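Undergrad: Fold the following and give me the result.
(2 chains)
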Amino acid sequence: MTTTRARRLPFLILSAGLILALAAAVSADAPDVRRPGEPMILPMELGATERAHVLDRARALTDALGIPGEAAEPHRAFEALDRVVVDEVAVRDGDGRATAVIRTDAARGDVRSLVRLDWSYDADRALVDERTVPGHARRFAMLAGITTPDARPGVAWDDAMRAWRVSWSRTIDGFPVAGDGLTVWVYRGGQLAALKRIETPAASAPLVRVAPEVAVESARGWAVLAGIPSQALTVTGAPALAWVRPNDFVTRGGADDTDTGLRLVFRVELEIRPGGGALQRVILFVDAGTGALVGGAESA
Amino acid sequence: MVETRWWHRLGPPLTAIVLALTVGLAPARAAYQGSVYSNVTAFGVCDGTADTISTEVRLLARNAFVYLGYATTSFDKTGFSKATVLKRNPLDSGVYVHSHGDFYGTGDIQGFRDDGGVCTQAIVYATEIKKGRTAPANLVVMSTCHLAEAPRNGYPAMSEAYGIERLKSDPSGGGYRGPEFFLGYRGIAWTSDQLRFERAFWGYATSGWNLGNAFKLALANAALQLGTVPDWFGTYTYSGRPQAPAPCSNCL
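TA: Numbers count the residues shown, from 1 in each chain, chains lettered A, B, ... in the order given. Alright, predicted model coming up:
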């Protein structure tokens, strides 16, 4: 007797093969590295078959979430800063008004973001609050095919969106992933305002980690090379482990992003006060496995 | 009888051509001035980092301002001085600043640093901006820390200095505030997040979306990694294209 699992096996293999082939095709068109000054977004060709897939995915989402209108205008682009190929679709009602914009990951087909643009005054009716809004957010995520973590989400009022922001941060091996996770915005009236899911691919965690003190020394070494006097430099707080995407922050003329995906790093936070100038906050990313500087960020 | 000379006959058609050219080529309205400033020195020379973002965001903003129809000039290094900012301020319809921004001085007044090509950078205060203006601006972007926050001690917020109140109209068009939009950040803004957000915002703003939708789409689509919080004030449905400001009761 053939088991259900055995009957499904050929289909699973076929599906996996199709996904891998699509991912390979998508990544083959994307440049490896973006240099400063080069375009941050590159339009890409979207063939007839892929176009139909993109529209079908968008229709499935609008049907599930009850968004009025018809998915149209699909286009594909390579987001060079984040090294991801995305498909974007506008949803328009019968009068041509945009009701939503949907972005999916071109390789995986997963929804990356969905923004509703068909606001009405009902959205401002105070029907949900900080206590009840996570339940609404979980339901919208489920309807969009996203499984929410069991963990309690962060909830805050987002004045810019005029909506509650419900967010689940992503962690790998217990360490936070900078910027990754699921965010669902819900209007006070209980309607979906927007959702966003980012899951950046990660490199393997290092088998052995350097000590936090090594990370601090690495940061101080960078400051010496950068010509920052020791009296103008303060290391604030203890180095914290996090997954980040490396960048060109410490590499003059280097690439904005490399192709290695997320790396586990120590975040070392510094305050720099150049002579007579403004206080500058800097975060340096020190590879947790090698102790090498792999990027950073500075405040405005 | 005097025969009309041949060149006399050219008079009427030449006059017509000159008139047509004058009317046809003259701008329909005075050009709306746009100023784009980016502090390169603070984020490179002064803190020893290999910054490329200051130039990238300046070019993004400059191109967007030009697309939207502002007569735009961009400034950095010695060109981005306090004197230049204040001199151009009265006629600015569109303004973009990428620099350090904070509450400065004993009065905690909102302001931003100029560049000037040196690390001892002068502060341009919201009070100084407000003093030089007689009409609200259309589009103001403060790509700095803190300048979308509420003002302190009775001094104007940076948006208010440009005549844009800290209010938001409805996405449906209700509560219209005139052709005005302010974009800024709350708390600490990280330049790599600003680059991602502003790339997305300008991308939508220059491809047919109004500024409110462009903001919302950018917030949902940009992968902000360090917790930077953008905010906006003004008219959600405004296109960003320069035009005469609407009268307002409490702006300047």
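Undergrad: who touches residue B:153 in this structure?
TA: Residues touching residue B:153, when contacts are defined by C-beta atoms under 8 Å, 6 or more residues apart in numbering or on different chains, comprise B:107-109. Backbone N, C-alpha and C define where each C-beta goes, glycine included.
Undergrad: Just the buried subset of those, please.
TA: Members of the contacts of residue B:153 that pass the buried threshold by neighbour count (16 or more other C-beta atoms under 10 Å in any protein chain shown) are listed as residue B:109.
Undergrad: how about the nearest residue to the residue of chain B found nearest chain A, chain neighbours excluded?
TA: Of the residues in chain B, the one nearest chain A is residue B:48, at a distance of 2.6 Å by C-beta to the nearest C-beta. Beyond its immediate neighbours in the sequence, the residue positioned closest to residue B:48 (C-beta to C-beta, 6 or more residues apart in numbering or on different chains) is residue A:226, lying 2.6 Å away.
Undergrad: Make sure the one you found is actually in contact with residue B:46.
TA: No: using C-beta atoms under 8 Å, residue A:226 makes no contact with residue B:46, being 10.3 Å away.
Undergrad: the more surrounded of the two?
TA: Neighbour comparison, residue A:226 and residue B:46: the larger count goes to residue B:46, with 27 against 15 (by other C-beta atoms under 10 Å in any protein chain shown).
Undergrad: Which strand or helix spans that one?
TA: When secondary structure is defined using DSSP states H and E, no element contains residue B:46, which sits outside every helix and strand.
Undergrad: separation between it and residue A:87?
TA: Counting by C-beta to C-beta, to the nearest Å, the gap from residue B:46 to residue A:87 is 42 Å.
Undergrad: Out of the helices and strands in chain A, which is least certain?
TA: helix A:4-28 (a mean of 50; mean pLDDT, DSSP states H and E).
Undergrad: downstream neighbour of it in the secondary structure list?
TA: Next helix or strand after helix A:4-28 toward the C-terminus (DSSP H and E): strand A:41-44.
Undergrad: strand partners of that following strand, parallel vs antiparallel please.
TA: The pairing partners recorded for strand A:41-44 under DSSP bridges are strand A:70-79 (antiparallel).
Undergrad: how about the closest residue to residue B:155 other than its chain neighbours, what does it touch?
TA: Setting aside the residues directly before and after it, residue B:155 is nearest to residue B:109 in space (C-beta to C-beta, 6+ apart), at 4.6 Å. For residue B:109, the contact set (C-beta under 8 Å, 6+ apart) comprises B:103, B:125-127, B:152-153, B:155.
Undergrad: Beta-bridge partners for residue B:109, please?
TA: With DSSP bridges as the rule, residue B:109 is bridged to residue B:104.
Undergrad: Only the buried residues of stretch A:213-228, if you could.
TA: With the criterion 16+ other C-beta under 10 Å, stretch A:213-228 contains buried residues A:214-216, A:218-220, A:222-223, A:228.
Undergrad: what residue ranges in the chain score low on pLDDT?
TA: Here I'm looking at chain A. A:1-37, A:252-260, A:275-277 (pLDDT under 70).
Undergrad: wait, I meant chain B there
TA: Across chain B, the stretches falling below the confidence threshold (pLDDT under 70) are B:1-30, B:246-252.
Undergrad: Which strand or helix spans residue A:140?
TA: Here residue A:140 is covered by helix A:133-143, with elements defined by DSSP H and E.
Undergrad: That helix near chain B at all?
TA: No: judged by C-beta under 8 Å from any C-beta of the partner chain, helix A:133-143 and chain B are separated, with a smallest distance of 13.3 Å.
Undergrad: So which elements touch that helix?
TA: Applying 3 or more C-beta pairs under 8 Å, 6 or more residues apart in numbering or on different chains; DSSP states H and E, we find helix A:133-143 packed against helix A:48-65, strand A:163-172, strand A:175-186, strand A:192-198.
Undergrad: what does the shortest one rub up against?
TA: Here strand A:192-198 makes contact (C-beta under 8 Å, 6+ apart) with A:65, A:110-116, A:123, A:136, A:140-141, A:144, A:146, A:161-163, A:170, A:179-187, B:216, B:219-221, B:223.
Undergrad: And it, how far out from the chain middle?
TA: Distance of strand A:192-198 from the chain centroid (C-alpha atoms, centre = their mean, to the nearest Å) equals 11 Å.
Undergrad: any bit of the following helix or strand past it sitting next to chain B?
TA: Tracing the chain past strand A:192-198, the next element assigned as helix or strand by DSSP H and E is helix A:212-225. Yes: between helix A:212-225 and chain B, judged by C-beta under 8 Å from any C-beta, the touching residues are A:223, A:225.
Undergrad: circling back to that earlier point, show me the contacts of residue B:109 that map onto helices.
TA: With helices taken from DSSP state H, the overlap with the contacts of residue B:109 comprises B:126-127.
Undergrad: Pick the one among the contacts of residue B:109 closest to residue B:169.
TA: Checking the contacts of residue B:109 against residue B:169 by C-beta to C-beta gives residue B:126 as the nearest, at 22.4 Å.
Undergrad: what's near enough to touch that closest one?
TA: Residues touching residue B:126, when contacts are defined by C-beta under 8 Å, 6+ apart, comprise B:109-111, B:151, B:155-158, B:160-161.
Undergrad: Which one of the residues you listed sits in the busiest neighbourhood?
TA: Counting neighbours by other C-beta under 10 Å, residue B:110 comes out on top of the contacts of residue B:126 with 32 neighbours.
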